[in-house]
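1. I'll drop the sequence and a predicted model, then ask my questions.
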Amino acid sequence: MTELRCNDPIIEVHDLYVYFYTYAGVVRAIEGVSFCIERGETYCLVGETGCGKSVTSRALTKLILPPGRIEKGKVYYYPEPSRRIDILALSEEEVKKIRGNEITYIFQDPGTALDPLYTIGYQIAETMLVHGRIRRIKEGIPHAVELLRKTLIPDPERRVKAYPHELSGGMKQRAVIATALANNPKLVIADEPTTALDATVQAQIMELLRKLKKEEGLTILLITHNMGLVAEMCDRVAVMYAGTIVEEAPTEELFKNPLHPYTRLLLRAVPNPLRRMDKLESIPGTVPNLIYPPPGCRFHPRCPHAMDICREERPPEIWVNESHRVACHLYTGKASLPG
Amino acid sequence: MAELKKFLIRRLLTFVPTLIGATFIVFIIAVMIPGNPAQLWAGGIKASKQTVELLIKEYHLNSPWYVQYYYFMKNILSGKAISPVTNTNIWKSITTRLLQVTLPLTLFSFILIVAIGIPLGVLSAIKRNTWIDNVARAFALIGISTPIFGIAYILIFWLQPHGLVALAGMPLPKYKITGIPPIDALLKCDCHYLLIFVKRMWLPAFLLALAGIGVITRVTRNSFLDAMSSEYVVFMEARGFPKRRIYMHILKNSLTPVITILGLMFGGLLAGAPIIETIFGLPGLGRYLLQAIYNFDYLTLVAGVFFVAIIYITVNLLVDILYGVIDPRVRY
């Protein structure tokens, strides 16, 4: 089992496997993912579309709907440093008390995340109602106004009565963030919160998240494919590829000293905020079909440094220093990265 | 609210032309049919010339069609029109049959459609691809595709010996508030009469509703499944909502197409009433209009169409208002 290095973790994931049983076959979406998130930090999961970032984040509260299934692994949640809850061992009823209450989500597309038939205020109040914070929807409306004010929506008294279609995309995402904050959560999982928004609105939303994190003392798990956001927001990053974590490091370290061949190629494929680049390169090949994932290291068909062992054996996770780990055969024992 | 007012005014303005259009078409068809209505009404070949002359004069049969139409509408609306065949007041004979039999019958079956079709559709969607879903879908298919007269006789044959259906008589309560017997009985809390009414009406209403139940079950199922795969459902899961609450949200979201079809279906129920009323010997408007057709009593027929059209248009107006109540995105 991979060793996790966190002083005061809020969440620990050990060796998580999630499969989807589709008509086409079993999609091995997540295989052997392990990581931990420190209380109070912003942790990033980064990777291409379909690499399992969202599935990982949803598995944290057992939010895997059929035909998906969590095959094995452990998810530990620490509401306080000394109290440990084994999330995957909880019943659906018990986990619902945590989900949306202590651990909340912000979804990618605010245009579809809200029920079009109810007002913003109603939906925020409803979130509080189902967790017993209030007894009737009406009681929650003043709270909803406060939350909308907190998320910097202009004229919250009026917006609380607005329906989702009456708000702009950015405004809707603020409302979604307000629902996520409604019950004073400890951990907020932001699943590509700005992907569906305009660039200018993106910056505003990220600014808002940063402000809220400071004010509310939140821990944030940010899921994104945007390296710029990672550099801007995150304390630590995990790079995912085809359902596995290939590298994890503090943000600056990752940008300065990427070790895994995939991370290196990825950083060459996106504008690196820390380095001057003349040309962006694409990674040759395509993301593997996860019904028939490549044996051994899942990246080997596209890896410029692939060796025989990569085709046969899954690489172990190696801690190259105190806080930097990589899953690559190049770093087992003596081998150092050529080139 | 101001929008709704404007919408209602706009709809009322189209109300009148629609009514004129509906009655006009039936009237024209009746008038254009070759033959001598006065002769028919007076009793056929043996009718006395004098009677025929009187009828022609009374009903302006020698005038052009638009004059006939004018007098007809005038007499109907003033409540003075007399049927040349039955010699009764058309307005009165139609409204009593409509209020006492056909409207209770169609309302009863409408309630059955809503009360059975929607829950069955929801259940079918929630338990999709299980035996419950399969049974519900089979029931829906049978309901849609079986002719009611066939299944009616089978059920009568089967249930009648057990005393579960009453096949004769159409008792009326002694009091009158709205003129619609079951509603009056409800207002008076007259359980005894309600029981009699249900015993007489449940099978006709159920059979009239059967096809509708099938259609609504399928529409609700599909619409519910559509709504179920929406992202906001996952987001509700992500907020820890209990299942029941999530289903209520989904149901509300899936209701719009169901209501559209329910509105259209009400017309179908009125159209299906003649068959059911004939099978069960109910003295309703549908059967009365059938008789009117046999007797070439087109005045009664057109008047009947007039009332049916009023009901149909009103129901569709209600449906349009309901859209706005359910979905805030609807603009009138």
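-> Okay, I see it. Numbers count the residues shown, from 1 in each chain, chains lettered A, B, ... in the order given.
2. phi, psi for the residue most central in space within chain A please.
-> Most central in chain A under Cα atoms, centre = their mean is A:I223, positioned 3.3 Å from the mean C-alpha point. Per-residue torsions, A:I223: phi -110, psi 130 (degrees, to the nearest 10).
3. tell me the bridge partners for it.
-> A:L45, A:D191 (DSSP bridges).
4. so for it, what's the pLDDT?
-> According to the prediction, A:I223 has pLDDT 92.
5. check which helix or strand covers B:R137.
-> Element membership for B:R137, per DSSP states H and E: helix B:131-145.
6. hmm, back to that, pretty sure the residue nearest to the centre of chain A is touching A:C44, no?
-> Yes - assessed by Cβ atoms under 8 Å, A:I223 is found in contact with A:C44 at 7.4 Å. C-beta: built from backbone N, CA, C; applies to glycine.
7. before we move on, back to that, now for the residue nearest to the centre of chain A: which residues touch it?
-> Contact partners of A:I223, counting by Cβ atoms under 8 Å, 6 or more residues apart in numbering or on different chains, are A:44-46, A:53-54, A:57, A:189-192.
8. among these, the buried ones, what's the PyMOL command?
-> The PyMOL selection below is limited to those of those classed as buried (16 or more other Cβ atoms under 10 Å in any protein chain shown):
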select buried, chain A and resi 44+45+46+53+54+57+189+190+191+192
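9. tell me which two of the contacts of A:I223 sit farthest apart.
-> Farthest pair in the contacts of A:I223 (Cβ to Cβ) is A:V46 and A:I189. Separation: 14.3 Å.
10. the residue of the stretch 101-250 of chain A found nearest chain B - how many residues pack around it?
-> Closest approach between the stretch 101-250 of chain A and chain B, counting by Cβ to the nearest Cβ: A:T112, at 3.7 Å. Residues near A:T112, counting by other Cβ atoms under 10 Å in any protein chain shown, number 18.
11. also B:S63?
-> Going by other Cβ under 10 Å, the residues that sit close to B:S63 add up to 13.
12. just the C-alphas of the longest helix seen in chain A, formatted as CSV.
-> Using DSSP state H to define each element, chain A has its longest helix at helix A:199-216. C-alpha atoms of helix A:199-216 as CSV (Å, rounded to 0.1, in the frame of the first residue of the first chain):
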residue,chain,number,x,y,z
ALA,A,199,-12.7,33.5,-19.0
THR,A,200,-13.4,36.8,-17.2
VAL,A,201,-16.1,35.1,-15.1
GLN,A,202,-13.6,32.3,-14.4
ALA,A,203,-11.2,34.7,-12.7
GLN,A,204,-14.0,36.2,-10.6
ILE,A,205,-15.2,32.8,-9.5
MET,A,206,-11.6,31.6,-8.5
GLU,A,207,-11.1,34.9,-6.7
LEU,A,208,-14.4,34.2,-4.8
LEU,A,209,-13.3,30.7,-3.9
ARG,A,210,-10.0,32.0,-2.6
LYS,A,211,-11.8,34.6,-0.5
LEU,A,212,-14.3,32.1,0.9
LYS,A,213,-11.6,29.7,1.7
LYS,A,214,-9.9,32.3,3.9
GLU,A,215,-13.1,33.5,5.5
GLU,A,216,-14.7,30.2,6.2
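13. how far does it sit from the chain's center?
-> Here helix A:199-216 is found 16 Å from its chain centre; the criterion is Cα atoms, centre = their mean, to the nearest Å.
14. ok, and what's touching that helix?
-> Taking Cβ under 8 Å, 6+ apart as the rule, helix A:199-216 contacts A:42, A:150-152, A:169-170, A:173-174, A:177, A:181, A:184, A:190, A:193-194, A:197, A:218, A:220, A:222, A:229, A:232-233.
15. any low-confidence regions in chain A?
-> A:1, A:272-275, A:333-339 (pLDDT under 70).
16. for it, which residues are neighbours of chain B?
-> A:58, A:61, A:63, A:65, A:96-101, A:104-105, A:107, A:109, A:112-118, A:126-127, A:130-131, A:163, A:165, A:176, A:179 (Cβ under 8 Å from any Cβ of the partner chain).
17. inside helices: which ones of those?
-> A:58, A:96-98, A:112-113, A:126-127, A:130, A:176, A:179.
18. residues near residue 177, how many?
-> Unless you meant another one, I'm taking chain A. Neighbourhood size, A:I177 [other Cβ under 10 Å]: 26.
19. chain B, not that one
-> 13.
20. can you map out the helices along the stretch 1-150 of chain B?
-> B:2-32, B:37-42, B:49-58, B:65-78, B:90-97, B:103-112, B:118-126, B:131-145, B:148-159 (DSSP state H, counting those that start in this stretch).
21. closest one to A:E71 among these?
-> So among these, helix B:118-126 is nearest, using Cβ to Cβ, at 26.0 Å.
22. which stretch in the helices of the stretch 1-150 of chain B is the model least sure about?
-> helix B:37-42 (a mean of 80).
23. that helix - contacts with which helices or strands?
-> Other helices and strands packing on helix B:37-42, by 3 or more Cβ pairs under 8 Å, 6 or more residues apart in numbering or on different chains; DSSP states H and E, are helix B:49-58.
24. what comes up buried for the helix it packs on?
-> B:52, B:55-56.
25. and it, how far from the chain's centre?
-> 37 Å.
26. just stretch B:43-57 next, same as before
-> Here stretch B:43-57 is found 37 Å from its chain centre; the criterion is Cα atoms, centre = their mean.
27. contacts for that stretch?
-> By Cβ under 8 Å, 6+ apart, the residues outside stretch B:43-57 that reach it are B:36-39, B:41-42, B:61-62, B:84.
28. got it, and stretch B:297-317?
-> With Cβ under 8 Å, 6+ apart, stretch B:297-317 has contacts from B:8, B:11, B:15, B:18-19, B:22-23, B:26-27, B:30-31, B:37, B:41, B:59, B:72, B:76, B:81, B:83-86, B:90-91, B:93-95, B:98, B:103, B:263-264, B:266-267, B:270, B:285, B:288-289, B:291-293.
29. ok, of those, which come out buried?
-> Of the members of the contacts of stretch B:297-317, the ones counted as buried by neighbours, 16+ other Cβ under 10 Å, are B:11, B:15, B:19, B:22-23, B:26-27, B:30-31, B:37, B:41, B:59, B:72, B:76, B:81, B:83-85, B:90-91, B:93-95, B:98, B:103, B:263, B:266-267, B:270, B:285, B:288-289, B:291-292.
30. got the contact list for stretch B:279-287?
-> B:94, B:97-98, B:100-102, B:105, B:148-149, B:152-153, B:167-168, B:170, B:203-204, B:270, B:273-278, B:304, B:307-308.
31. spell out which parts of the stretch 201-332 of chain B neighbour chain A.
-> Counting by Cβ under 8 Å from any Cβ, the residues of the stretch 201-332 of chain B near chain A are B:230-232, B:234-242, B:245, B:249, B:252-253, B:326-329.
32. tell me the buried residues within the residues you listed.
-> Taking 16+ other Cβ under 10 Å as the criterion, what is buried in those is B:230, B:232, B:234-241, B:249, B:252-253, B:327-328.
33. in strands, which of those residues fall?
-> Here DSSP state E is the test, and those give no hits in strands at all.
34. closest to the centroid, which residue in chain B?
-> Short answer for chain B (Cα atoms, centre = their mean): B:L270, at 3.1 Å.
35. point me to the helix or strand that includes that residue.
-> Per DSSP H and E: helix B:243-280 holds B:L270.
36. and the next helix or strand past that helix?
-> helix B:285-294.
37. now the angle from that following helix to helix B:90-97?
-> Calculated by axes from the mean of the first three to the mean of the last three Cα atoms, to 10 degrees, helix B:285-294 forms an angle of 140 degrees with helix B:90-97.
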